[in-house]
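Visitor: pasting the structure only:
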């Protein structure tokens, strides 16, 4: 997670703390588990292959509108421009045709 999120671009484009240290990563995971338990928010890792390190994240969280969710995603710099984020979002939503 540190390698993925501790970059200048993630710092500019996301509300994640910077520097994103191992201690910050541990707190981030703890907050993700709390959010899942509290309101069903899902924070899902994106992997290029099953034995690789994560290359991104998709977050699915409740919307203020009934029967709706909101999404956010982040993809590592070396995997951008390959439709990784869009495919991960489609997979998170169960859209196998676009995943």
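Guide: Here it is on my side, so go on. Note that this is a predicted model, so its numbers are computed, not measured.
Visitor: In a helix, residue 82, correct?
Guide: No. Counting by DSSP: H, G, I helix; E, B strand; the rest coil, residue 82 is not part of a helix but coil.
Visitor: okay, now it: neighbour count?
Guide: 12 (other C-beta atoms under 10 Å). Glycine gets a C-beta too; all of them are placed from N, C-alpha and C.
Visitor: Relative to residue 15, how far out is it?
Guide: Noted for residue 82: a distance of 25 Å to residue 15, by C-beta to C-beta, to the nearest Å.
Visitor: Ok, residue 57 next?
Guide: 13 Å.
Visitor: Which one's more surrounded, the two?
Guide: residue 57 (22 against 7).
Visitor: gap between residue 83 and residue 56?
Guide: In terms of C-beta to C-beta, residue 83 sits 12 Å off from residue 56.
Visitor: So for those two, which residue has more residues nearby?
Guide: The neighbour count for residue 83 versus residue 56, taken as other C-beta under 10 Å, is higher for residue 56 (20 against 12).
Visitor: helix or strand right after the longest strand along the chain?
Guide: Taking DSSP state E as the criterion, the chain has its longest strand at strand 54-62. Following strand 54-62 in sequence order, the next helix or strand is strand 69-75 (DSSP states H and E).
Visitor: So what touches the next helix or strand after that next one?
Guide: Proceeding N to C from strand 69-75, the next assigned helix or strand is helix 84-92, under DSSP H and E. With contacts defined as C-beta atoms under 8 Å, 6 or more residues apart in numbering, helix 84-92 is touched by 42, 44, 46, 48, 55-56, 58, 60, 71, 73-75, 96-99.
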